[in-house]
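> Prediction below, plus the sequence it came from.
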2 protein chains.
Amino acid sequence: MLRGGYSGPVRTHERVLAYLEEGIAAGRWGLGERLPGERALAEDLGVSRPSVREAIRVLDALGIVRPGVGSGPNAGAVVIDRPAAGLGAAVRLHVATGTLPVRDVVATRVLLESWAVAQAAERATDLAPGAAAHLEEARRLLGRMEDDDVPAAEFLELDQAFHLEFVRMAGNVLVEAVMTGLRGAIGGYVAVGIERLPSWPRTAARLRAEHRAVLDAVGAGDAAAASAAVKAHIEGFSREAGV
Amino acid sequence: MLRGGYSGPVRTHERVLAYLEEGIAAGRWGLGERLPGERALAEDLGVSRPSVREAIRVLDALGIVRPGVGSGPNAGAVVIDRPAAGLGAAVRLHVATGTLPVRDVVATRVLLESWAVAQAAERATDLAPGAAAHLEEARRLLGRMEDDDVPAAEFLELDQAFHLEFVRMAGNVLVEAVMTGLRGAIGGYVAVGIERLPSWPRTAARLRAEHRAVLDAVGAGDAAAASAAVKAHIEGFSREAGV
DNA sequence: TCGCGGTGTGTGGTCGGACCATGTGCAGGG
DNA sequence: CCCTGCACATGGTCCGACCACACACCGCGA
């Protein structure tokens, strides 16, 4: 299943991968449960342990399982769900190869996030369950960013959490995962961009004001204004930081 | 870099992964070039070959390298770029775990694709380079779908290619990769949905008409109409197929 | 009886070595 | 000059071993 279209001699670890994927899809191993041990899997499938390990390594990289040593409930390959891990790694590496321009990443982020805040604004109007809590958390994060003494690195973390709050509020798990992955993938570029700014305090002040505008628009249920605000916010910063 | 935030004892294959990622990002191994052999890497980094293999296996799963046996230009781990491979696998597996609802996948597809056709419409108006070729290819695919004898499976492939043409026309590599991955991830669900339709020929006729509407809107440079058409097209089908 | 520490056991992590299949490039023979 | 066949490099697979770790159990002492 992992090889797109091409059908040839299937490598052993791919057979293991297919077996594990089938079992996960069938609910044989649900979230939080443990896969059989590597040795047991190898024997069951009639393959060697290294082949099993390679398959599990792939699931690990994709954020599907979390290997744990020792014994007890935290040991063994536990099925988890960290969609952002795999997506983020994939995006970051493809940026590294040079075929995925940072410009496209930023444009995609604008697209996803402007949609998300619009959804969030509608949810705020509808008083959807959880919406108020997300808004409150966003306010709290904004408050912490108001402190002039907060270092740039921490500001960026708060900024990321702030943005993520609206994406969560939109209620689309996939969009949230992709957003998280994108942010992680371009985190390095952002950090570099910060250092090139003419004046960080001045930029920080502007970012705070823009955050406030987004928060107010979402809180007021004005989807169009929220989308426009977040679009201007992201594009403005990326232009200024020269990414 | 692949472990989100947590910093503990770094596993050996992650060191290899970091080394390879750094090298790729630095252009030490560009697209189409070969990584050092597994044995050489193991010796250079002072690790065992299985550890190197696990790292390469991850890059393989993410669509960054393509391992090739034998000798010559096609042998060894060649740096390629298949963004859709990793993204598609990640999405499909997270759908399998059950935390990523198909509904969210469909909604994301609507979001990305309606944006893409809007971009495509603008490009058609601007006579951007390549736009005409994409439009021509879309027309050709639509023509092949007109044949009533074409089986459902092939129709789906043509449909996928048709949609992808506009996404390519939009000119965002990341959106194109995510779209391809999404389509691959839900391909199975779509195929199942087809079989549940009351009447495939009737549905096919409607899909053809909707495709025509999208194509015309893009060709006319009407971004809003194109977006609305593709949104109705995707949501209508997914509702009818009951995914 | 209760608390505590040592030990047993199962887990992933790593390593070294071995053999196989495959595809290329080269050298030798025709 | 062409073609055949061998040598070699490469990834694919497997085996066996040992380590570090973390929990679970058991026996000892208070």
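Everything's here; your move. A quick note: this is a predicted structure, and the numbers were derived from the prediction, not measured.
> Helix, strand or coil: sort out A:Val69 for me.
Three-state assignment for A:Val69 (DSSP: H, G, I helix; E, B strand; the rest coil): coil.
> In contact with the nearest residue to it once chain neighbours are set aside, which residues?
Using CB to CB, 6 or more residues apart in numbering or on different chains and skipping the chain neighbours, the partner closest in space to A:Val69 is A:Ala75 (6.4 Å). C-beta: built from backbone N, CA, C; applies to glycine. Contact analysis of A:Ala75 by CB atoms under 8 Å, 6 or more residues apart in numbering or on different chains lists A:Arg34, A:Gly68, A:Val69.
> filter these to the buried ones?
Taking 16 or more other CB atoms under 10 Å in any protein chain shown as the criterion, nothing in the contacts of A:Ala75 is buried.
> filter the residues you listed down to the ones near DNA strand D?
Filtering those for proximity to DNA strand D by CB under 7 Å from any atom of the strand leaves A:Val69.
> Let's have the contacts of A:Ala75 in CSV, adding pLDDT.
Output for those, formatted as CSV (pLDDT from 0 to 100):
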residue, pLDDT
A:Arg34, 96
A:Gly68, 94
A:Val69, 93
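> wait, which of the contacts of A:Ala75 is closest to DNA strand D?
Checking the contacts of A:Ala75 against DNA strand D with CB to the nearest atom of the strand, the nearest one is A:Val69 at 5.1 Å.
> For the closest one, grab phi and psi.
phi -80, psi 180 (degrees, to the nearest 10).
> Would you check how far apart it and B:Pro9 are?
A:Val69 sits 10 Å away from B:Pro9, taking CB to CB, to the nearest Å as the criterion.
> what pLDDT does the residue nearest to A:Val69 get?
Per-residue confidence (pLDDT) for A:Ala75: 92.
> So which residue is dead centre in chain A?
A:Thr180 (2.0 Å; CA atoms, centre = their mean).
> Up against DNA strand D, what does chain A have?
With CB under 7 Å from any atom of the strand as the criterion, chain A comes near DNA strand D at residues A:11-13, A:42, A:46-51, A:54, A:69-75.
> Where helices are concerned, which of the residues you listed count?
Taking DSSP state H, the ones among those that sit in helices are A:Thr12, A:His13, A:Ala42, A:Arg49, A:Pro50, A:Ser51, A:Glu54.
> Show me which residues of stretch A:233-243 are buried.
A:His233, A:Ile234, A:Phe237, A:Ser238, A:Glu240, A:Ala241, A:Val243.
> just stretch A:189-207 next, same as before
Buried residues in stretch A:189-207, defined by neighbour count with 16+ other CB under 10 Å: A:Tyr189, A:Val190, A:Gly193, A:Ile194, A:Leu197, A:Thr203, A:Ala204, A:Leu207.
> out of those, which are inside helices?
Among the buried residues of stretch A:189-207, the members falling in helices (DSSP H) are A:Tyr189, A:Val190, A:Gly193, A:Ile194, A:Thr203, A:Ala204, A:Leu207.
> now the fifth one, nearest residue through space, not along the chain?
Which is A:Thr203. A:Leu197 (5.2 Å).
> show me the contacts for the one you found.
Shown in contact with A:Leu197 (CB under 8 Å, 6+ apart): A:Thr203, A:Glu240, A:Ala241.
> hang on, the last one packs against A:Trp200?
No: at 10.7 Å, A:Ala241 and A:Trp200 do not qualify as touching, with contact defined as CB atoms under 8 Å.
> Considering only the residues of chain A next to DNA strand D, which also neighbour DNA strand C?
Applying CB under 7 Å from any atom of the strand to the residues of chain A next to DNA strand D, one finds that A:Arg49, A:Pro50, A:Val69, A:Gly70, A:Ser71, A:Ala75 fall near DNA strand C.
> Out of these, which two sit at the greatest distance?
Pairwise distances across these (CB to CB) peak at 22.2 Å, for the pair A:Pro50 and A:Ser71.
> Neighbour count: these two, which is higher?
Neighbour count, other CB atoms under 10 Å in any protein chain shown: between A:Pro50 and A:Ser71, A:Pro50 has more, with 16 against 8.
> I'd like the distance between the more buried one and A:Val192.
Where A:Val192 is concerned, A:Pro50 sits at a distance of 39 Å (CB to CB).
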